[in-house]
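S.K.: Take a look and give me a structure for this.
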Amino acid sequence: MLLLGLLLLLSLLAGGRLLWGQWKLSCLHRPPLVPGFLHLRQPNLPMYLLGLAQKLGPIYRLRLGLQDVVVLNSKRTIEEAMVRKWVDFAGRPQIPSYKLVSRHNQDLSLGDYSLLWKAHKRLTRSALLLGVRSSMEPLVEQLTQEFCERMRARAGAPVAIQEEFSFLTCSIICYLTFGDKVKEDTLVHTFHDCVQDLMKTWDHWSVQILDIIPFLRFFPSPGLRRLKQAVENRDHIVEKQLRQHKESMVAGQWRDMMDYMLQGVQKPREEEGLGQLLEGHVHMSVVDLFIGGTETTSTTLSWAVAFLLHHPEFQQRLQEELDRELGPGAWGSRVPYKDRSRLPLLNATIAEVLRLRPVVPLALPHRTTRPSSIFGYDIPEGTVVIPNLQGAHLDETVWEQPHEFRPDRFLAPGASPSALAFGCGARVCLGEPLARLELFVVLARLLQAFTLLPPAGALPSLQPQPHGGVNLTVQPFQVRLQPRRGAPGLSKRQ
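M.R.: Next up, the predicted model:
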């Protein structure tokens, strides 16, 4: 009887707590709720969410499975939350797949907000901006030049350009992270295959459904088992590189980002009250660099090529700009990134591609760290918030003809607002400086050396993969790279 009474009491307490929570929520002025709970399975989810905003306004709630989330669909609402009230919205929900992939919450992209997270972010940013600053641009130039030479050997033949861009961006991250240890393509291929396998497994519906309905993880799941195997493979590869670096590292010197971060975590931080950064934080910084720095940049480059194939007039104008600035046939010449204003149309084209096709269109979900509000709506603590970056970029109240590819909109000073392709606030993408450098260098070199042509006139689709997971992925296509007149390696007949 005593046990039965205790069970009854616990049930009453749990029920009372639930009712109290529901009553408190009912007293708040919350955003409107969209009916239904299978929204995640909609094709081209960012555009579907934007369509809802046209009916309900730029901020509303919906249920993704059992999870109640708030969606922000305009530049104003996103900046209100992520910039002006960034502390309130800097958290990250701890859903099952995040916990598995983030290695005991030591990940930067997926880790929840804390003082130790801020120290981790500062260390990773320093590794990018200080640790390899002097070598970053020369390395990107060198690898891009080698890429163009490989493409020249396949001149005129159809090329699956997404795969080539993916390997190029992975090579850049490999060299920046591991330095001279990258002596051959074997390591690059290993990391490239690892990232591809991890992302493909993570984006599979059988894993996504566990994040929406967490209790399903207690049942057998082949998708979850494959994800665990992919994570173990990833960790094995990274741990091997950490071990080799520690064995050969010289105190006070660094050859690459891994050296820089390993020495950074050895510095005591107790006086800051932040706790101690560990080797596991370096491990996950490397993972973030590869996942965030490979597919995102290569996908943006692929979208740029796809748009230029559809708009050859802009391709011609870009090549005229390069020839005018560098001289026709000046294949050894380049515009340093610090002087990128010399190529305004190229900068505008990059901005327009990022506006139309932000690679992570819904960013990663945020979580409120305390009760807050957005434009008069109450947002309780612990609420999951999704910023629809692509929706904000297609807002007709902000952008003229938002669905049209119009790089000229960015040419006149103050003519167009800045886009949010890399996010904003505390969770802004740390790899933005490297990504922008790569986009500038690769597109400048590519257009300087080649004219981009569709094979047999077959233009690529400008619609993304309908269920592309986290990334806004371009549908597979091929391109012919026709060497421009006077390019090195061309015969007189060409």
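
S.K.: Could you measure from residue 94 over to residue 391?
M.R.: 26 Å (CB to CB, to the nearest Å). In short, each C-beta sits where N, CA and C put it, glycine included.

S.K.: what comes into contact with stretch 303-316?
M.R.: 161, 318, 345, 349-350, 352-353, 356-357, 405, 407, 439, 443, 446-447, 451-454, 459-462, 474, 477, 479 (CB atoms under 8 Å, 6 or more residues apart in numbering).

S.K.: So which of those residues sit within helices?
M.R.: The helices, defined by DSSP state H, take in 161, 318, 345, 349, 350, 352, 353, 356, 439, 443, 446, 447 from the contacts of stretch 303-316.

S.K.: Residue 174 is in contact with residue 191, isn't it?
M.R.: Yes. At 5.9 Å, residue 174 and residue 191 qualify as touching, with contact defined as CB atoms under 8 Å.

S.K.: how about the ones in helices among the contacts of stretch 303-316, which pair is most distant?
M.R.: 161 and 345 (21.1 Å; CB to CB).

S.K.: could you dump the helix or strand harbouring residue 46 to CSV, C-alpha only?
M.R.: Following DSSP states H and E, one finds residue 46 within helix 45-56. Output in CSV follows, covering the C-alpha atoms of helix 45-56 (Å, rounded to 0.1, in the frame of the first residue of the first chain):
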residue,chain,number,x,y,z
LEU,A,45,11.6,23.2,-46.5
PRO,A,46,12.9,26.9,-46.4
MET,A,47,10.5,27.9,-49.2
TYR,A,48,7.6,26.1,-47.5
LEU,A,49,8.3,28.0,-44.3
LEU,A,50,8.5,31.3,-46.2
GLY,A,51,5.1,30.5,-47.8
LEU,A,52,3.7,30.1,-44.2
ALA,A,53,5.2,33.5,-43.3
GLN,A,54,3.2,35.1,-46.1
LYS,A,55,0.0,34.0,-44.4
LEU,A,56,1.0,34.3,-40.7
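
S.K.: Buried residues, it. List them.
M.R.: Buried positions in helix 45-56, judged by neighbour count with 16 or more other CB atoms under 10 Å: 45, 46, 47, 49, 50, 52, 53, 56.

S.K.: returning to what we had before: between residue 174 and residue 191, which contacts overlap?
M.R.: With CB under 8 Å, 6+ apart, residue 174 and residue 191 have no common neighbours.

S.K.: For the helix ranked longest in the chain, list every residue counted as buried.
M.R.: In the chain, with assignment by DSSP H, the single longest helix is helix 279-310. Residues of helix 279-310 classed as buried: 280-309 (neighbour count, 16+ other CB under 10 Å).

S.K.: Name all residues that make contact with residue 360.
M.R.: Residue 360 touches 296, 389, 423, 470, 471, 472, counting by CB under 8 Å, 6+ apart.

S.K.: for residue 61, same thing?
M.R.: Applying CB under 8 Å, 6+ apart, the residues contacting residue 61 are 30, 31, 32, 33, 34, 68, 69, 70, 71.

S.K.: In contact with the closest residue to residue 262 other than its chain neighbours, which residues?
M.R.: The spatially closest residue to residue 262, leaving aside those adjacent along the chain, is residue 282, at 5.7 Å (CB to CB, 6 or more residues apart in numbering). By CB under 8 Å, 6+ apart, the contact set of residue 282 is 242, 258, 261, 262, 264, 265.

S.K.: Relative to residue 284, how far out is the last one?
M.R.: Relative to residue 284, residue 265 is positioned 12 Å away (criterion: CB to CB).

S.K.: same deal with the third one?
M.R.: Residue 261 sits 10 Å away from residue 284 when distances are taken as CB to CB.

S.K.: What of residue 145?
M.R.: 32 Å.

S.K.: mind listing the helices for the stretch 201-350 of the chain?
M.R.: 205-212, 222-248, 257-265, 279-310, 312-326, 344-356 (DSSP state H, counting those that start in this stretch).

S.K.: could you pull out the strands for the stretch 101-250 of the chain?
M.R.: Along the stretch 101-250 of the chain, counting by DSSP state E, counting those that start in this stretch, strands occupy 158-159.

S.K.: if we can go back for a sec, between residue 261 and residue 284, which contacts overlap?
M.R.: With CB under 8 Å, 6+ apart, residue 261 and residue 284 have no common neighbours.

S.K.: Now list the buried members of the contacts of stretch 303-316.
M.R.: The buried subset of those (16+ other CB under 10 Å) comprises 161, 318, 345, 349-350, 352-353, 356-357, 405, 407, 439, 443, 446-447, 451-454, 460, 474, 477, 479.

S.K.: Quick one: low-confidence residue ranges for the stretch 1-150 of the chain.
M.R.: 1-26 (pLDDT under 70).

S.K.: hey, where'd the helices end up in it?
M.R.: 2-26, 45-56, 75-79, 96-101, 115-126, 133-152.

S.K.: So which elements touch the fifth one?
M.R.: Okay, so that is helix 115-126. The contact analysis (3 or more CB pairs under 8 Å, 6 or more residues apart in numbering; DSSP states H and E) places helix 115-126 against helix 257-265, helix 279-310.

S.K.: and the shortest one, which residues are buried?
M.R.: Meaning helix 257-265. 257, 258, 259, 260, 261, 262, 263, 264, 265.

S.K.: how many neighbours does the nearest residue to residue 467 once chain neighbours are set aside have?
M.R.: Leaving out its chain neighbours, the residue that sits closest to residue 467 by CB to CB, 6+ apart is residue 43, at 6.3 Å. By the measure other CB atoms under 10 Å, the count of residues near residue 43 is 12.

S.K.: Residue 43 against residue 463, yeah?
M.R.: No. At 9.6 Å, residue 43 does not count as touching residue 463 under the criterion of CB under 8 Å.

S.K.: what touches both of those two?
M.R.: By CB under 8 Å, 6+ apart, no residue touches both residue 43 and residue 463.

S.K.: coming back round to it: what's next to the helix holding residue 46, contact-wise?
M.R.: Residues contacting helix 45-56 (CB under 8 Å, 6+ apart): 32, 34, 39, 42, 60, 62, 71, 73-74, 361-362, 386, 388-391, 394, 472.
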